[in-house]
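**Student:** Build me a structure from this.
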Amino acid sequence: MHKPEAIVKPGTPKNFRRLESHELVSLGDYVADEHRGLEPWEGPSGFRADAFIKAMYRRVQRRSTGTKH
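**Tutor:** Numbers count the residues shown, from 1 in each chain. Next up, the predicted model:
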């Protein structure tokens, strides 16, 4: 099976990660565009990331560095 190649340029923000093949794509994810970088995904949800030709990305959740008491 053909796996999508990462086509995001080196200037891509570090707060994005590529979806793994088994993860489901949902609204709020991003699709890699070879000319424009990352664009919001506005298509259907619920399919596996490896079913799409282009690489799919998701924002990385930031973790709080503070501690709760």
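**Student:** ok, and the closest non-adjacent residue to Arg58?
**Tutor:** Once flanking residues are discounted, Arg58 sits nearest to Asp29: 5.1 Å by CB to CB, 6 or more residues apart in numbering. Where C-beta positions appear, they are placed from N, C-alpha and C, glycine not excepted.
**Student:** Asp33 now?
**Tutor:** Asp33 sits nearest to Glu39 (CB to CB, 6+ apart), 5.3 Å away.
**Student:** Would you mind measuring from the one you found to Lys14?
**Tutor:** Distance, Glu39 to Lys14, by CB to CB, to the nearest Å: 18 Å.
**Student:** and the two? which has more neighbours close in?
**Tutor:** Neighbour totals were compared for Glu39 and Lys14, and Glu39 leads with 12 against 6 (other CB atoms under 10 Å).
**Student:** now that one, what's its secondary structure?
**Tutor:** Here Glu39 is recorded as strand under DSSP: H, G, I helix; E, B strand; the rest coil.
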